[in-house]
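Participant: The following comprises the amino acid sequence and a computationally predicted model.
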Amino acid sequence: MRFDLIDLRLFVAVAEAGSITHGASRVAMALPSASARIAGMESMLGSALLERGRRGVTATPAGLSLLHHARGILHQIEAMHGELGEFSLGLRGHVRLMAHTAVMTEALPDPLAGFLTDHPGIDIALEERESRDVVRAVIENRADIGVVSEAAGLEAGLSTLEFLPFHVDRLVLVVPETHALAVRRRVAFADVVDETFVGLRAGSALQGHLDGHAAALGRRLKLRVRMSGFEALCRLVGHGVGLAIMPESAARRYRRHTATVRVRLSDDWAMRHQVICFRAFATLPLPARRLVEHLSAQGR
C-alpha cells in the first residue's frame with residue numbers, strides 16, 4: 001500500500017476534527033476530493049479507517065494505528081524541513097502551540113510577538129485548552145509545545161514529558177469598589193462560591209478550571225452572563241452585575257477604568273506556576289526548539 005503525505009495530512013486532520021468536512025477544510029481540500037481520498041485509503045488497506053456516525057467520524061482500531069504512525073511521519077517531515085531551512089534563506093516552519101486561557105491572554109502575547117518578529121519564516125498555530133487537555137495533546141503529538149499550570153502538567157505528564165518554568169500568576173477575586181468584600185485583603189473561594197458571578201465564555205479553559213473547583217465544593221457557580229475577555233468582565237463587575245475571578249495582572253490593568261477592587265484568593269490553587277511542556281527536546285522540530293528556548297528565556 002502507498003499513502004502519500006497529502007493522504008496522511010488529510011487523515012490526521014479528519015481524525016482530530018472528528019469530521020471529514022472539517023478535516024478537509026483544515027487542509028484546504030474540497031469535500032468530494034477528501035471523501036474520495038479517504039475511501040481510496042480504505043480500499044487500498046482493505047479495512048475501514050473511520051466509523052461514520054450522525055455526529056461525525058471516529059477512528060477504527062486500524063485508523064488509530066494509522067493516526068499514530070501518520071503523526072510520527074509528519075513530525076519527522078517537519079523536523080527535516082526545519083533543519084534544512086537553516087541552510088537556505090532562513091529558518092522556516094510551523095509550530096503547534098497550546099495553552100490555557102490566562103496564559104494566552106496575559107503571559108504569551110509579548111513573548112510570541114518578539115519571537116514572530118525575530119523569525120519571520122515561522123508560523124504558530126495557537127489553540128486554547130485546559131491544562132490537562134494540553135498535556136494530553138503534547139503526549140499524543142497533536143501539539144509540539146504546551147504552556148500549562150505546573151500542578152496539572154506534572155500530574156498528567158511527569159513520566160513522559162519535559163518541563164521548563166515560564167511564568168507565575170495569581171488568580172484574584174474582582175469586586176465593585178462599593179462591595180462589602182472590597183475592604184478584605186484576601187478571601188477563600190469557599191466563602192464566595194455562592195455569590196453571583198460574571199464569567200468567561202463556555203469552553204474557556206479558565207472558566208472550566210473555576211467550575212471544577214466549585215464542583216469540588218459541591219457547588220455550581222451562578223453566572224449571570226459570559227463574556228469573551230477580562231476587560232469586559234471588569235466593566236460588568238464595576239457596574240455591580242456580579243463578581244469575577246481572573247489573573248491579578250488583568251485585574252490591575254483594568255482597575256482604574258472600571259471602579260473595581262481586587263481581593264486575593266487564599267486558596268493554594270490561586271497561585272499558579274506556569275510551565276512549558278514538550279516531548280524530548282532533542283526530537284522536536286527545529287522551529288519548536290527555537291520557540292521553547294525563547295519562551296523559557298522569558299521565564300528566567
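Facilitator: Alright, I've got the coordinates.

Participant: CA atoms for contacts and neighbours, from now on please.
Facilitator: Will do.

Participant: what sits against P120?
Facilitator: If you count contacts by Cα atoms under 8 Å, 6 or more residues apart in numbering, P120 has them with R92.

Participant: sec struct for it, please.
Facilitator: coil (DSSP: H, G, I helix; E, B strand; the rest coil).

Participant: for A62, same thing?
Facilitator: Classification of A62 using three-state DSSP returns helix.

Participant: and R224, what does it touch?
Facilitator: Taking Cα under 8 Å, 6+ apart, we find R224 in contact with 196-199, 241-242.

Participant: And the closest residue in space to V103 that isn't next to it in sequence, its phi and psi?
Facilitator: Spatial nearest neighbour of V103, chain neighbours left out: V147 (7.4 Å); criterion: Cα to Cα, 6 or more residues apart in numbering. Backbone torsions of V147, given as degrees, to the nearest 10, read phi -120, psi 120.

Participant: Would you map the helices across this structure?
Facilitator: 5-17, 20-26, 31-45, 61-85, 101-102, 109-118, 131-139, 150-157, 189-192, 205-216, 230-238, 248-258, 286-298 (DSSP state H).

Participant: mean pLDDT for these: which is lowest?
Facilitator: Note on the helices of the chain: lowest mean pLDDT is at helix 150-157, with a mean of 65.

Participant: For the closest residue to M104 other than its chain neighbours, give the beta-bridge partners.
Facilitator: Closest residue to M104 apart from its sequence neighbours, by Cα to Cα, 6+ apart: E128 at 7.3 Å. Counting by DSSP bridges, E128 is bridged to A99.

Participant: Just give me the neighbour total for E128.
Facilitator: When neighbours are defined as other Cα atoms under 10 Å, E128 has 22 of them.

Participant: How about D169?
Facilitator: Around D169 there are 19 other residues, counting by other Cα under 10 Å.

Participant: can I assume it is in contact with A251?
Facilitator: No. Counting by Cα atoms under 8 Å, D169 does not reach A251; the two are 11.7 Å apart.
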